[in-house]
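In: structure, please.
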Amino acid sequence: MYDCLLKGATVIDPSQGIDGVFDLAINEGKIARIAADIPAKDASVIYPLVGKIVTPGLIDAHCHPSLNFSEHAVLSDEAGVNAGVLLVNDAGSAGAANFQTLRHMYYSRVKTEMSFFLNFASAGLIRPPEIRSLHDIDIKLLKSVVEKNRGVVKGIKLRALEPLMSIATDVLALALDTAAELNLPLMVHIGDFRERTTNDPLDAFSRSVVKRLRQGDIISHYMTWRPGGMVLPDGQIFPELREAKARGVILDSSHGKNNFSFKVAEVLLANGIEPDIITTDFSSMNVHCVQSLLVTMSKFIALGMAMSEVVAATTNRAAQALQMDEQWGSLKVGRSADISVLEKVAGDFAFFDGVAGNSRKGTCLLEPRMVMRNGEVLPCRSYYHISNVG
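Out: From the prediction side, this is the model:
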């Protein structure tokens, strides 16, 4: 006898190539069976889910779910289980000097599972721009903190902002070498926060950065229109982006408020350069335009991405980017029953991209209906709302 049965949903699990109507049985907090028709009499509790979508627990691999630690952040559960997301990865809010404080504040104190990328700057995002000189970096301390927190620290974060260009030492080389020594991916933010100029020097800098990233490293905000982005206003795509994708560098949509553009996204998608992972970069600054991971996923469906690809970008590929695919991103039998239940609602929906100032219409919206954490049902709700861009 199974503890419960999710019956009649469309199950989408890209890790196993599953995309069809199946039943899913759960026992003792783990996935026990997936089959076309499991008898209702074999389970103690039945959840009838005809018309719903069941996926592995959704993952937001780039957000800032650390309210009260850094100024621009949100509560973990608001970005997470409350919005239908089971795992959130804090992308560099803390550095080596203050990570233990962040971990104590949040990890295992919230319903949502958390992982962390450690900022290459010792103080993290407490005082941006966080790296103005080498005095803002302590590699010895960073290595020590990573080794003491291997279970939750899954990568290193570096923002390739303008101040790095004026530092004589090659900070990117230091970050790449450190990440390689620790066997962790390096996530690099591209795109600064000013207007772009003709032959912008930050474009050349970003191109040199992207050229040096390795398989498994991550380019965040690759859909930015800002200086340092990989797409020029005339639609030209710098070749370094294609080359990076070809060698296995992970492309992260990282919506946010200041570095995502529908127009740039359309250029990239038209040229076959889809995001490997879809993330929110969720913070208090962008609640009005990002809203949730599910709203962000809905935007990519509106832009023409297939549902299966959107789910892959928020489940198995996200888990791989975080080096957590042995535990997350799949509905394989024996795995923990970490599950998102969604509904694809038809209608006329308005979507916004933030400061870029563009809006798009969509005919469907992904809404969260239920989440399961280790087989336990938790409530969730919609965060979609029609909002002004400002």
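
In: what segments of the stretch 151-300 of the chain are helices?
Out: Taking DSSP state H, counting those that start in this stretch, the helices of the stretch 151-300 of the chain run over residues 171-182, 201-212, 239-246, 262-270, 287-290, 293-302.

In: pick out the shakiest of these, pLDDT-wise.
Out: With a mean of 93, helix 287-290 has the lowest mean pLDDT of the helices of the stretch 151-300 of the chain.

In: list the buried ones in that helix?
Out: For helix 287-290, burial by neighbour count (16 or more other C-beta atoms under 10 Å) applies to 287, 289-290. Quick note: C-beta positions are derived from backbone N, CA and C, even for glycine.

In: nearest to Met187 among those residues?
Out: Using C-beta to C-beta, Val290 is the member of the buried residues of helix 287-290 that lies nearest Met187, at 18.1 Å.

In: the closest one: what's it in contact with?
Out: In this structure, Val290 makes contact with 255-257, 280-282, 296, 354, judged by C-beta atoms under 8 Å, 6 or more residues apart in numbering.

In: show the pLDDT at Leu303.
Out: 98.

In: got the contact list for it?
Out: Applying C-beta under 8 Å, 6+ apart, the residues near Leu303 are 262, 265-266, 269, 360.

In: that older thread, got TSV for the contacts of Val290, with distance to Leu102 and neighbour count too?
Out: Formatted as TSV, the contacts of Val290 follow (distance: C-beta to C-beta, whole Å; neighbours: other C-beta atoms under 10 Å):
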residue	distance to Leu102	neighbour count
His255	22	28
Gly256	20	27
Lys257	22	22
Thr280	19	32
Asp281	17	26
Phe282	16	32
Thr296	24	25
Gly354	26	22
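
In: which stretches of the protein have low pLDDT?
Out: 386-390 (pLDDT under 70).

In: how's it carved up into domains?
Out: 2-55+332-348+362-378, 58-321 (automatic domain parsing).

In: relative to His385, which of those is closest?
Out: domain 58-321 (6.7 Å).

In: so which of the domains of the chain is the most packed in?
Out: Most buried of those by mean neighbour count (mean count of other C-beta atoms under 10 Å) is domain 58-321; its value is a mean of 21.

In: between the two ends of that domain, how far is it?
Out: Taking C-alpha to C-alpha, to the nearest Å, domain 58-321 runs 14 Å from one end to the other.

In: now do it: distance to the chain's middle.
Out: 8 Å (C-alpha atoms, centre = their mean, to the nearest Å).

In: need the strands for the stretch 51-200 of the chain, in chain order.
Out: Assignment of strands within the stretch 51-200 of the chain using DSSP state E, counting those that start in this stretch yields the ranges 53-56, 58-63, 85-95, 113-119, 153-159, 186-189.

In: could I get those as TSV with distance to Ser144?
Out: Shown next, in TSV, are the strands of the stretch 51-200 of the chain (distance: least, C-beta to C-beta, whole Å):
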stretch	distance to Ser144
strand 53-56	34
strand 58-63	25
strand 85-95	12
strand 113-119	11
strand 153-159	11
strand 186-189	18
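
In: residue ranges for the helices of the stretch 1-150 of the chain, please.
Out: Applying DSSP H, counting those that start in this stretch to the stretch 1-150 of the chain gives helices spanning 76-79, 99-106, 139-148.

In: burial of Leu331, as a residue count?
Out: Leu331 is surrounded by 24 other residues when neighbours are defined as other C-beta atoms under 10 Å.

In: skip the chain neighbours and tell me the closest residue to it.
Out: Among residues not flanking Leu331 along the chain, Asp13 sits closest, at 4.4 Å (C-beta to C-beta, 6 or more residues apart in numbering).

In: now Ala313
Out: Sequence neighbours aside, Ile278 is the residue nearest to Ala313 in space, at 4.1 Å (criterion: C-beta to C-beta, 6+ apart).

In: so that neighbour sits against Ala312, correct?
Out: No - at 9.2 Å, Ile278 does not count as touching Ala312 under the criterion of C-beta atoms under 8 Å.

In: who's sitting farthest from the centroid in the chain?
Out: Largest separation from the mean C-alpha position in the chain: Lys41, at 38.9 Å (C-alpha atoms, centre = their mean).
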